[in-house]
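Participant: Build me a structure from this.
(chains A and B)
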There are 2 protein chains.
Amino acid sequence: MKRVSLFLLVLAGAMALPALAANKNAVDLKQPLILASQGSFFVGGESKPLPPATPNGPTGDVTIDQMYVQFQTPPNTRHLPVVMVHGCCLSSKTWETTPDGRMGWNEYFVRKGRPVYLADQSSRARSGFDASIINAVKAGTAPPAQLPNVLFASHQIAWVVFRFGPAFNQPFPDGQFPVEAADELYKQMIPDLNSTLPSPNPTWANMAALAVKLHGAVLMGHSESGFFPEHAALSDPSGVKGMISIEMPCPVLTDAQISSLAKIPTMVMFGDHLGDVQGGPANWANSFDTCQKFVQRVTAAGGDAEMVHLPAMGIKGNSHMLMQDRNNLQLADLILDWIDTHVEGKKATARK
Amino acid sequence: MKRVSLFLLVLAGAMALPALAANKNAVDLKQPLILASQGSFFVGGESKPLPPATPNGPTGDVTIDQMYVQFQTPPNTRHLPVVMVHGCCLSSKTWETTPDGRMGWNEYFVRKGRPVYLADQSSRARSGFDASIINAVKAGTAPPAQLPNVLFASHQIAWVVFRFGPAFNQPFPDGQFPVEAADELYKQMIPDLNSTLPSPNPTWANMAALAVKLHGAVLMGHSESGFFPEHAALSDPSGVKGMISIEMPCPVLTDAQISSLAKIPTMVMFGDHLGDVQGGPANWANSFDTCQKFVQRVTAAGGDAEMVHLPAMGIKGNSHMLMQDRNNLQLADLILDWIDTHVEGKKATARK
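Facilitator: Numbering: from 1, shown residues only, chains lettered A, B, ... in the order given. From the prediction side, this is the model:
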């Protein structure tokens, strides 16, 4: 009975595929998910000799600065892999099941035929961090001032910085974030130990190395990591086929850096209510302006850079956590279409 | 062309299933993986008011003690979910792709029809941790002695404690761990902040709550978490249908606790070379003895408890990281057969 019903289920899925494939945007999200492969691995990492935490204590080597990567690939795809990197005080959970239990971008992109690679930033979550200084300070062999400045956002700060509303527990009337599930978002917020990292941030080179390992990839960053695709491309552009930068301040680059980045298609995305929150460490209206200038400079240098400002397209109410907003799959489709047109379309032309 | 080949691929998979299902132990690991669902969520978590790290600094609330859980469910299964929890200085990466790139238990169990739930222990990896004391000590508002004792194992310690061989970089001739990929294991080893947790460890109640949420589950722990299934069952046995405890010391319990645990089938597993390594914080031969006594007491109390000592069954050379050893799928089959017989077999009988 069980054997037969499994057979029928899979057969039904197989029969349905050609019909669905006729419309490239139609996928039935309730069908079983079919994966050609999945797994996890690390990129980068350095061996570091440990000083003894206590006099005559044990010594040895530990590995630091590695980047944990989890991947899923759909069957028979020719699409480029998409690498997703989370922001401050968060992990790759960012891209998974939303706080209110809907499908995240990780699975949706796979269902749309993209190999997806989720990276925990070096020094975060499953990538670990260099904790040796904490034990040294505890043991009295290093001063407290050498402790890292650990970033973490309170619920109150997150509500405003993530633009769920103008003040804590007051949502915007048109807000897209599922604020009834804000408590589940707060559980995703974890200590950020990037201050323990050397400079430049090893995640940049790790992202570039991952793109090379994949023989080409689209890199996507958000917030703290929003400009990491560009930093990765500046360290080694050879694997970076497209860059998607979501909601961050854009730094002022040299003309040489702009010229280098102008060879790679770039999308910058911002949500709504950029100037409608007060307080907190972020100034989204200013961040938007810096990225407008970045896009203009890349365009002036002959590059293909696009600013996707959602409210200007009539898509209202998106928060900073737009990959978790109620319309998250609509935004994913915008990105997928952009990759098809600006990254893979160009590639197909170049191949002819 | 692409559409047709995807169709044929899935159809071939569907056609092959009834034949494979005829032998319950046969799964073609190269076939696409078919999932009914996947996702992630948190169990537990408490809101905690933050003291300001600096005088007049910002205050607010953070969430701590939550447990991150990632899951995959196969189509049409009636098997119980299996919850896997990692050990010290590790994350759920433990159960995924092995250091030398083979399939981990997480995917293998799904391919064998089991819903699989991977939990990062509370205070580890994607579950985050309470970092407020670090900033307080840095700011001078708390003394260094209040810093957590952060556990992490050097390469040298890991080699011996994980029983890859008698001394660093010397493998056992019959060792099953893929020592050529030891560097990839070292990248999985991350700081362990369990010393920041309240007592009892919230992971225990979180595991019990997860089992209840799943309407019954088999709990599996390893090393530091080896006895967590039992601790979870002692806090709330209602969802715990089976307990698998891999390589840990077994504590001495009261008769009442033994009676309570004796109602749930229990498997304890140990690998090889328990007395063949010197140095390091673990004493595996002693741990084995304590667990032998635990199994004897549960059995004497009328329970179904089994000690699976692999070399006594003729399975030689297994390390402490036996879920990553070369014969990891053979060991997985032992566990799956035990669940079928001792947990689900009994359940089916009880239902009649």
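Participant: Stretch A:76-95 and chain B, are they touching?
Facilitator: Yes. Counting by C-beta under 8 Å from any C-beta of the partner chain, contacts between stretch A:76-95 and chain B involve A:76, A:78, A:91, A:92, A:93. Just so you know, the C-beta spots here come from the backbone N, C-alpha and C atoms, and that holds for glycine as well.
Participant: Which among the residues you listed count as buried?
Facilitator: If you count burial by 16 or more other C-beta atoms under 10 Å in any protein chain shown, the buried members of the residues of stretch A:76-95 next to chain B come out as A:76, A:91, A:92, A:93.
Participant: The first one contacts residue A:34, correct?
Facilitator: No. At 9.8 Å, residue A:76 and residue A:34 do not qualify as touching, with contact defined as C-beta atoms under 8 Å.
Participant: Compile the residues of stretch A:76-95 next to chain B into JSON lines and extend it with columns for secondary structure and pLDDT.
Facilitator: Below are those laid out as JSON lines (DSSP: H, G, I helix; E, B strand; the rest coil; pLDDT from 0 to 100):
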{"residue": "A:76", "secondary structure": "coil", "pLDDT": "95"}
{"residue": "A:78", "secondary structure": "coil", "pLDDT": "94"}
{"residue": "A:91", "secondary structure": "coil", "pLDDT": "98"}
{"residue": "A:92", "secondary structure": "helix", "pLDDT": "98"}
{"residue": "A:93", "secondary structure": "helix", "pLDDT": "98"}
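Participant: residue ranges of the strands in the stretch 51-200 of chain A, please?
Facilitator: Using DSSP state E, counting those that start in this stretch, the strands of the stretch 51-200 of chain A run over A:60-64, A:67-73, A:82-85, A:116-120.
Participant: mind putting these in TSV, distance to residue B:113, mean pLDDT and mean neighbour count included?
Facilitator: Putting the strands of the stretch 51-200 of chain A into TSV (distance: least, C-beta to C-beta, whole Å; pLDDT from 0 to 100; neighbours: other C-beta atoms under 10 Å in any protein chain shown) gives the following:
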stretch	distance to residue B:113	mean pLDDT	mean neighbour count
strand A:60-64	36	95	21
strand A:67-73	20	98	24
strand A:82-85	30	99	27
strand A:116-120	25	98	27
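Participant: between those, which one is nearest to residue B:49?
Facilitator: Among the strands of the stretch 51-200 of chain A, strand A:116-120 comes nearest to residue B:49, with 28.0 Å by C-beta to C-beta.
Participant: That closest one - which strands sit beside it in the sheet, and in what orientation?
Facilitator: strand A:67-73 (antiparallel), strand A:82-85 (parallel) (DSSP bridges).
Participant: Off-centre distance for that strand?
Facilitator: Distance, stretch centre to chain centre, for strand A:116-120: 8 Å (C-alpha atoms, centre = their mean, to the nearest Å).
Participant: cool, and stretch A:187-200?
Facilitator: So, by C-alpha atoms, centre = their mean, the centroid of stretch A:187-200 is 15 Å from its chain's centroid.
Participant: Over to stretch A:128-138?
Facilitator: With C-alpha atoms, centre = their mean, you get 27 Å for stretch A:128-138.
Participant: From the rest of the structure, what touches that stretch?
Facilitator: A:48, A:50-51, A:53, A:62-66, A:123, A:142-144, A:146-148, A:193, A:196, B:134, B:137, B:144-145, B:147-150, B:152, B:187, B:189-191 (C-beta atoms under 8 Å, 6 or more residues apart in numbering or on different chains).
Participant: Please state the backbone phi and psi of residue A:241?
Facilitator: With angles defined as degrees, to the nearest 10, residue A:241 sits at phi -100, psi -20.
Participant: For it, which non-adjacent residue is closest in space?
Facilitator: Closest residue in space to residue A:241, ignoring its immediate chain neighbours: residue A:216 at 4.7 Å, by C-beta to C-beta, 6 or more residues apart in numbering or on different chains.
Participant: Equivalent analysis for residue A:259, please.
Facilitator: residue A:301 (5.3 Å).
Participant: With residue A:305 instead?
Facilitator: Among residues not flanking residue A:305 along the chain, residue A:298 sits closest, at 3.8 Å (C-beta to C-beta, 6+ apart).
Participant: what do you get for residue A:248?
Facilitator: Nearest in space to residue A:248, with sequence neighbours left out and distances taken as C-beta to C-beta, 6+ apart, is residue A:226 at 2.7 Å.
Participant: sorry, back to before: dump the residue contacts of the residue nearest to residue A:259.
Facilitator: A:255, A:258, A:259, A:262.
Participant: Selecting buried members of those in PyMOL, what would you type?
Facilitator: Here is the PyMOL command that selects the buried residues among the contacts of residue A:301 (16+ other C-beta under 10 Å):
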select buried, chain A and resi 258+262
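Participant: Which member of the contacts of residue A:301 is positioned nearest chain B?
Facilitator: When the contacts of residue A:301 are compared for distance to chain B (C-beta to the nearest C-beta), residue A:262 wins out at 31.9 Å.
Participant: For residue A:278, give me the pLDDT.
Facilitator: Looking at residue A:278, its pLDDT reads 79.
Participant: Can you give me the neighbour number for the nearest residue to residue A:197 once chain neighbours are set aside?
Facilitator: Closest residue to residue A:197 apart from its sequence neighbours, by C-beta to C-beta, 6+ apart: residue A:123 at 5.3 Å. Applying other C-beta atoms under 10 Å in any protein chain shown, we find 26 residues neighbouring residue A:123.
Participant: Phi first, then psi, for residue A:123.
Facilitator: phi 80, psi 10.
Participant: Mind pulling up the pLDDT for it?
Facilitator: Residue A:123 carries a pLDDT value of 98.
Participant: quick one: contacts for residue A:335?
Facilitator: With contact taken as C-beta under 8 Å, 6+ apart, residue A:335 is in contact with A:220, A:244, A:267, A:269.
Participant: The third one: what's it in contact with?
Facilitator: What it means is residue A:267. So residue A:267 contacts A:242, A:243, A:244, A:245, A:305, A:306, A:308, A:335, A:338, A:342 (C-beta under 8 Å, 6+ apart).
Participant: The second one is in contact with residue A:233, isn't it?
Facilitator: Yes. Here residue A:243 reaches residue A:233: they are 6.4 Å apart, a contact under C-beta under 8 Å.
Participant: Quickly list what's touching both of these two.
Facilitator: Common neighbours of residue A:243 and residue A:233 (criterion: C-beta under 8 Å, 6+ apart): A:219, A:261, A:264.
Participant: So which of those residues belong to strands?
Facilitator: Taking DSSP state E, the ones among the shared contacts of residue A:243 and residue A:233 that sit in strands are residue A:219.
Participant: From the shared contacts of residue A:243 and residue A:233, pick the one nearest chain B.
Facilitator: When those are compared for distance to chain B (C-beta to the nearest C-beta), residue A:219 comes out closest, at 21.1 Å.
Participant: Counting neighbours, what do you get for that closest one?
Facilitator: Counted with other C-beta under 10 Å, the neighbours of residue A:219 add up to 30.
Participant: beta partners of it?
Facilitator: With DSSP bridges as the criterion, residue A:219 is bridged to residue A:83, residue A:243.
Participant: quick one: contacts for it?
Facilitator: With C-beta under 8 Å, 6+ apart, residue A:219 has these contacts: A:83, A:85, A:207, A:211, A:228, A:229, A:232, A:233, A:240, A:242, A:243, A:244.
Participant: and the closest residue to chain B within the stretch 101-250 of chain A, what does it touch?
Facilitator: Relative to chain B, the nearest point of the stretch 101-250 of chain A is residue A:154 (2.6 Å; C-beta to the nearest C-beta). Counting by C-beta under 8 Å, 6+ apart, residue A:154 touches B:50, B:58, B:59, B:60, B:61, B:62.
Participant: mind putting the contacts of residue A:335 in JSON lines, pLDDT included?
Facilitator: Shown next, in JSON lines, are the contacts of residue A:335 (pLDDT from 0 to 100):
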{"residue": "A:220", "pLDDT": "99"}
{"residue": "A:244", "pLDDT": "99"}
{"residue": "A:267", "pLDDT": "98"}
{"residue": "A:269", "pLDDT": "98"}
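Participant: who wins for neighbours among those?
Facilitator: Neighbour tally across the contacts of residue A:335 (other C-beta under 10 Å): the maximum, 29 neighbours, falls on residue A:220.
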